[in-house]
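1. sequence and predicted structure below; questions after.
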Amino acid sequence: MNRVIEVALSQPHSPSAGQNLAGYLSNFSATQTALGVLPTAAQVAASCVFLASTSANAITGECINVDCGVMPHEILKLPPSFSEVLP
């Protein structure tokens, strides 16, 4: 793992709140991603190579999330029981 990310996530004000980093990332990937994993460096690199290639020459001004389906933050803030807020 990138040392900068490791140090940043070990801070008390980070999303992991200073918890054991390996445990936090394992739990996060299992519970907060659609695929149950985090993307690998190779997957991110492959997306970058594709976008830099002529195969992607019709793609302009787009955000492409290579995140294994991380849930939107708005969903994460909902209470445990959706029935409390949804009809």
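-> The structure has been received and is ready for your questions.
2. tell me what Val70 is bridged to.
-> Counting by DSSP bridges, Val70 is bridged to Thr33.
3. show me the contacts for it.
-> 32-34 (Cβ atoms under 8 Å, 6 or more residues apart in numbering). C-beta: built from backbone N, CA, C; applies to glycine.
4. at 10 Å instead, please
-> Val70 sits next to 28-29, 32-35, 38-39, 76 when contact means Cβ atoms under 10 Å, 6 or more residues apart in numbering.
5. of those residues, which pair is most distant in space?
-> Pro39 and Leu76 (18.4 Å; Cβ to Cβ).
6. quick one: which of those two has more around it?
-> Between Pro39 and Leu76, counting by other Cβ atoms under 10 Å, Pro39 is the more crowded of the two (19 against 10).
7. okay, the more buried one and Ala58: tell me how far apart.
-> In this view, Pro39 and Ala58 are 24 Å apart by Cβ to Cβ, to the nearest Å.
8. ditto for Ser16
-> Distance, Ser16 to Ala58, using Cβ to Cβ: 39 Å.
9. between the two, who's got more neighbours?
-> Per other Cβ under 10 Å, whichever of Ser16 and Ala58 has more neighbours is Ser16, with 18 against 6.
10. now His13: how far from Tyr24?
-> His13 is 14 Å from Tyr24, where distance means Cβ to Cβ.
11. actually, Val49.
-> Relative to Tyr24, and taking Cβ to Cβ, Val49 is found at 30 Å.
12. between the two, who's got more neighbours?
-> Neighbour tally, Val49 and Tyr24, criterion other Cβ under 10 Å: the higher count belongs to Tyr24, 17 against 11.
13. Gln32 contacts Gly69, doesn't it?
-> Yes. Under the criterion of Cβ atoms under 10 Å, Gln32 is in contact with Gly69, at a separation of 9.1 Å.
14. out of the two, which sits in the more crowded spot?
-> The neighbour count for Gln32 versus Gly69, taken as other Cβ under 10 Å, is higher for Gln32 (18 against 12).
15. what sits against the nearest residue to that one once chain neighbours are set aside?
-> Excluding the flanking residues, the one nearest Gln32 by Cβ to Cβ, 6 or more residues apart in numbering is Met71, at 5.3 Å. Contacts for Met71 (Cβ under 10 Å, 6+ apart) come out as 31-34.
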